[in-house]
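Colleague: below is the structure, and that's it, no one-letter string:
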C-alpha cells in the first residue's frame, strides 16, 4: 500500500511534448521516485507480442485491448514502485487519467472503440480509480502545439509511432486541454487538483534560459505541495537556487 505520507505528482502531455526530458530534469532536481510508463510491458506481452505496435497498426481491432492493458499496467507499476519508494514523493509519467480522458476517449470518438467497449471501460475505470488509485497531489502539464509534437515525433522516428497522424495528435491535444485546462466532464475529486502548465513549444532542451525557468517552476510547484510533509524539499530548493546564481 502507498504510504499515507507519500505524495503523487503526474507529468502529462501529448506524444512528443518532451516528457522524457522533463522526467530527467525532475530526477536531478528533487529527491523523488520516477515511475515511467510501462512501455516495455506493452512491447513484450506473453510470447513477445507488442500490443503497442498492434494498437498503432490496427487501432480498430486493438483499441479496447490496449487501453485496458495500459490502465492495468499503470496501476500495477505505481503500486509496485510505491512499496520500495525511499522518497516521500512519486512522479508518474502519464496516468490512468490521461488514459481515460485523452487516449481511450479519443478512440471512442474516432470510432475505433465501440459504444459497448466504451461503456465497459468507463464503468470499470470509475470503480478501480475509486478503490485502488490514490488521488494525485498535482499535475504538471507540458502544453505543446500539435504541430510541434508532430515535428518532434517525425524526427525521433520510433517504429511504433510511424502511423501516428497529425490529426491524431490534434485530437489528443484537444482532449488534454478539455481535461487539464477546462476541467470538462472529469471526476469531482480531480477538480481541485492543482495543475502546473508549462508551454513547451520552444526547443527547451537546447535553451538554457528556458530550462532554468522550467526548473524553478517545477521545484516551486512540487515543493509548495509537499513541504508540509517533508521540509527537506525547502532546503533542496534553496540550495539549488544558490547554485543557479
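Modeller: That came in fine, so what should we check first? Fair warning: this is a prediction, and the values are worked out from it, not measured in the lab. Numbers count the residues shown, from 1 in each chain.
Colleague: can you map out the helices along this structure?
Modeller: In the chain, the helices defined using DSSP state H lie at 19-29, 39-43, 51-57, 59-83, 96-98, 105-110, 115-132, 146-156, 166-176, 208-224, 232-244.
Colleague: between these, which gets the lowest average pLDDT?
Modeller: Among the helices of the chain, helix 232-244 carries the lowest mean pLDDT, at a mean of 38.
Colleague: quick one on the thing from earlier: point out the most buried one among the helices of the chain.
Modeller: helix 96-98 (a mean of 24; mean count of other C-beta atoms under 10 Å). Placement of C-beta: from N, CA and C, glycine included.
Colleague: tell me the gap between it and the middle of its chain.
Modeller: Its chain's C-alpha centre and that of helix 96-98 lie 7 Å apart, by C-alpha atoms, centre = their mean, to the nearest Å.
Colleague: centroid-nearest residue for this protein?
Modeller: In the chain, the residue lying closest to the centroid (C-alpha atoms, centre = their mean) is residue 94, at 1.5 Å.
Colleague: just give the closest residue to that residue, not the sequence neighbours.
Modeller: residue 37 (5.6 Å; C-beta to C-beta, 6 or more residues apart in numbering).
Colleague: mind checking how far that neighbour is from residue 58?
Modeller: Here the criterion is C-beta to C-beta, to the nearest Å. By it, residue 37 lies 21 Å from residue 58.
Colleague: more crowded one of these two?
Modeller: Remark: of residue 37 and residue 58, residue 37 carries more neighbours, 20 against 12, as counted by other C-beta atoms under 10 Å.
Colleague: just checking, that one touches residue 98?
Modeller: No: the pair residue 37 / residue 98 is not scored as a contact, 10.1 Å apart, by C-beta atoms under 8 Å.
Colleague: look up phi and psi at the residue nearest to the centre of the chain.
Modeller: phi 60, psi -180 (degrees, to the nearest 10).
Colleague: and it, what is it in contact with?
Modeller: Residue 94 is in contact with 10-12, 19, 37, 74, counting by C-beta atoms under 8 Å, 6 or more residues apart in numbering.
Colleague: residues in contact with the residue nearest to residue 94?
Modeller: So residue 37 contacts 74, 93-94 (C-beta under 8 Å, 6+ apart).
Colleague: wait, which of the residues you listed is closest to residue 29?
Modeller: residue 93 (15.9 Å; C-beta to C-beta).
Colleague: count of neighbours near that closest one?
Modeller: Count around residue 93 with other C-beta under 10 Å applied: 21.
Colleague: for it, give its distance to residue 12.
Modeller: 9 Å.
Colleague: and what of residue 47?
Modeller: Counting by C-beta to C-beta, the gap from residue 47 to residue 12 is 33 Å.
Colleague: re the thing from before, can I get the contacts of residue 94 in JSON lines with distance to residue 126?
Modeller: JSON lines is the format used below for the contacts of residue 94 (distance: C-beta to C-beta, whole Å):
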{"residue": "10", "distance to residue 126": "18"}
{"residue": "11", "distance to residue 126": "23"}
{"residue": "12", "distance to residue 126": "20"}
{"residue": "19", "distance to residue 126": "26"}
{"residue": "37", "distance to residue 126": "22"}
{"residue": "74", "distance to residue 126": "16"}
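Colleague: which of those sit farthest apart?
Modeller: Using C-beta to C-beta, those span at most 14.1 Å, a distance reached by 19 and 74.
Colleague: hang on, the earlier thing: the more surrounded of residue 47 and residue 12?
Modeller: Comparing residue 47 with residue 12 by neighbour count (other C-beta under 10 Å), the higher total belongs to residue 12, at 24 against 5.
Colleague: I'd guessed the more buried one sits against residue 143; true?
Modeller: No: in this structure, residue 12 is not within contact of residue 143 by C-beta under 8 Å, at 9.4 Å.
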